[in-house]
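Asker: With the sequence up front, the predicted model follows.
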Amino acid sequence: MQYEAVIGLEIHAQLLTESKIFCGCSTKFGSGPNTQTCPVCIGMPGVLPVMNRKAVEYVIRTGLAVNCGISPLSRFARKNYFYPDLPKGYQISQYELPLCEQGFVDITVNGETRRIGLTRIHLEEDAGKNIHEGTGNQSFVDLNRAGTPLMEIVSEPDIRSPQEAAEFVKKLRTIVRYIGVCDGNMEQGSLRCDANVSVRPVGQKELGTKTEIKNMNSFRFIEKALDYEIRRQMKVFNEGGRIVQETRLWDPNRGVTESMRSKEEAHDYRYFPDPDLMPIEVDNAWIEQIKSQLVELPDARRQRFISQYALPDHDAELLTAERVTADWFEQAVKSGGEPKAVSNWMMGELMRLLNEENKQIDECGFRPEQLAGLLKLVDNGTISGKIAKTVFEEMYKTGKDAEAIVKEKGLVQMSDETGIEAIVDEVLKNSPQEVERFRAGDAKLMGFFVGQIMKLTKGKANPKIVNELLRKKLLG
């Protein structure tokens, strides 16, 4: 029997607020255990939460960026469950009245664009962290993260493959980073993904029994975990078994999902409105204010790069994947760099050097204007493209301007035709056999002659003049 997968994702994004959602404690990552806590976030009796307005604004900003409707009235609820890292015995979240509803995100996989619906986006607080490894027979609880503001983005079950799921998470990560609400760091847990996945016969409308998969902290793991779980469920069906609704953990070391616990339903959490928090009222004026501050989003920027700068789709896709990269490109172009040339140098030499040092483009050792300056030296014939690579690496290491490096190292391109002609004559005189073979039809030897000339001039000879003179003397 032919089966199809039905996948829905829940993305938890930690918001980039300086303080927690209901108190003034810091949200900074990496501090000592339990050093960023207070009576509110550790759930002491009698304390009252105070809403962080910036967290609400960030959720609204995200909702607008992914085409959601913004609810004029939303409300917090208590989600009751009992884990050691949940100090109050409940999590403050949203249930029947979320901040944002009914949006969508378009993704492209294998050249096909698909629209993935969003059910809701709501605001909630994070739990603490249980620590088991390296503690012997004991477990510890770090509550630094308790009360950190989280935004949960829930998709419709519109995803049909592990590749689509990974692309969907990538797209959302790009958007939240563009609009400045989340840093998207999956290794540190500031962007986390859970998946609900089921399998059904092709053509069947009813949804199958779903399992939830947790512990997927990279795009690669999302694809691998979903691929395994889909194949596991199909195997169960083919063997005449039935799927059990449960929560499963992805084990990246063994490459399998394994049962963690039975899957809870909404009624298991006994949601009820939080009596300590007033409903959130969002008026049109606030929505319009936030909307007016939205930056150009990735899809729109990619299309503009294609139309305004005549870039190929591939270039535009890579350059707009990160806002800081797109900004860097545009600054180089505004400083006089030809768009395609800037794109080539960024995607080639610059990314190579950054990747070697595991750096991001905002850690680059020189400014976009300096790349534009280097390209001007190539365009006006001051240096050759080959020498430009040497200058580029020196710019990256030292931060010096290209012009200063060229003068300092004596790298000005040799464009004196008389001087180059003398070297061409010398090379041809010393290579009679190669000249004879070239004239007999071995056109590949042109590269040999150019190489010999460049060697004698230490790469400084103007390639255009070199090629013109060689053709003139070899072909007559």
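Answerer: On my side now, so go ahead. Residues are numbered from 1 along each chain as shown.

Asker: buried sites along stretch 16-33?
Answerer: Within stretch 16-33, the residues scored as buried using 16 or more other C-beta atoms under 10 Å are 16-17, 19-23, 25, 27. Placement of C-beta: from N, CA and C, glycine included.

Asker: List of residues touching stretch 211-224?
Answerer: By C-beta atoms under 8 Å, 6 or more residues apart in numbering, the residues outside stretch 211-224 that reach it are 162-163, 165-166, 169-170, 186-187, 189, 192-198, 225-226, 229, 233, 243-252, 255, 257, 260, 263.

Asker: Please flag which of the residues you listed sit within helices.
Answerer: Per DSSP state H, helices hold the following members of these: 162-163, 165-166, 169-170, 225-226, 229, 233.

Asker: With neighbour count and distance to residue 336 added, can I get those residues in TSV?
Answerer: Formatted as TSV, these follow (neighbours: other C-beta atoms under 10 Å; distance: C-beta to C-beta, whole Å):
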residue	neighbour count	distance to residue 336
162	21	44
163	16	40
165	29	42
166	24	39
169	27	38
170	15	33
225	28	48
226	26	47
229	24	52
233	22	57
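
Asker: Need the max-distance pair from these.
Answerer: 170 and 233 (24.5 Å; C-beta to C-beta).

Asker: quick one, what contacts the residue nearest the centre of the chain?
Answerer: The residue lying closest to the centre of the chain (C-alpha atoms, centre = their mean) is residue 174, at 4.9 Å. Each residue near residue 174 by C-beta under 8 Å, 6+ apart is listed here: 184, 298, 321-322.

Asker: Relative to residue 401, how far out is it?
Answerer: Distance, residue 174 to residue 401, by C-beta to C-beta, to the nearest Å: 33 Å.

Asker: low pLDDT regions in the stretch 351-476 of the chain?
Answerer: Regions of the stretch 351-476 of the chain meeting the criterion pLDDT under 70 cover residues 413-414, 416, 476.

Asker: does residue 121 count as helix, strand or coil?
Answerer: In three-state terms, and counting by DSSP: H, G, I helix; E, B strand; the rest coil, residue 121 is strand.

Asker: Kindly report the same for residue 359.
Answerer: Under three-state DSSP, the three-state class of residue 359 is coil.

Asker: tell me the mean pLDDT for the helix or strand containing residue 306?
Answerer: Element membership for residue 306 (DSSP states H and E) is helix 298-309. Averaged across helix 298-309, pLDDT comes to 96.

Asker: Just the C-alphas of that helix, formatted as PDB.
Answerer: C-alpha atoms of helix 298-309 as PDB (Å, rounded to 0.1, in the frame of the first residue of the first chain):
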ATOM      1  CA  PRO A 298      13.500  37.800   2.900                       C
ATOM      2  CA  ASP A 299      11.200  36.800   0.100                       C
ATOM      3  CA  ALA A 300      10.500  40.400  -0.900                       C
ATOM      4  CA  ARG A 301      14.200  41.300  -0.700                       C
ATOM      5  CA  ARG A 302      15.200  38.300  -2.800                       C
ATOM      6  CA  GLN A 303      12.800  39.400  -5.600                       C
ATOM      7  CA  ARG A 304      14.200  42.900  -5.400                       C
ATOM      8  CA  PHE A 305      17.800  41.700  -5.700                       C
ATOM      9  CA  ILE A 306      16.800  39.800  -8.800                       C
ATOM     10  CA  SER A 307      15.000  42.800 -10.400                       C
ATOM     11  CA  GLN A 308      17.100  45.700  -9.200                       C
ATOM     12  CA  TYR A 309      20.500  44.200  -9.400                       C
END
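
Asker: List the buried residues of it.
Answerer: By neighbour count on 16+ other C-beta under 10 Å, the buried set for helix 298-309 is 298, 301-302, 304-306, 309.

Asker: Helices along the stretch 51-200 of the chain, start to end?
Answerer: For the stretch 51-200 of the chain, the helices defined by DSSP state H, counting those that start in this stretch cover 53-65, 162-178.

Asker: for the ones you listed, which one sits closest to residue 288?
Answerer: Comparing those by C-beta to C-beta, helix 53-65 comes nearest, at 9.9 Å.

Asker: Report all helices and strands that that closest one contacts.
Answerer: On a contact count with 3 or more C-beta pairs under 8 Å, 6 or more residues apart in numbering; DSSP states H and E, helix 53-65 meets strand 69-70, strand 100-109, strand 112-125, strand 149-155, helix 162-178, helix 284-292.

Asker: The fourth one versus strand 100-109: what angle between them?
Answerer: Translated: strand 149-155. Strand 149-155 and strand 100-109 are oriented at 60 degrees to each other (axes from the mean of the first three to the mean of the last three C-alpha atoms, to 10 degrees).

Asker: And the longest one, by the same measure?
Answerer: Note on geometry: by the same axes, to 10 degrees, helix 162-178 and strand 100-109 are set 120 degrees apart in direction.

Asker: What ranges in this structure fall below the confidence cut-off?
Answerer: Within the chain, the ranges that satisfy pLDDT under 70 run 1, 264, 266, 413-414, 416, 476.

Asker: Domains in it, by residue range?
Answerer: 3-288, 296-409, 417-475 (automatic domain parsing).
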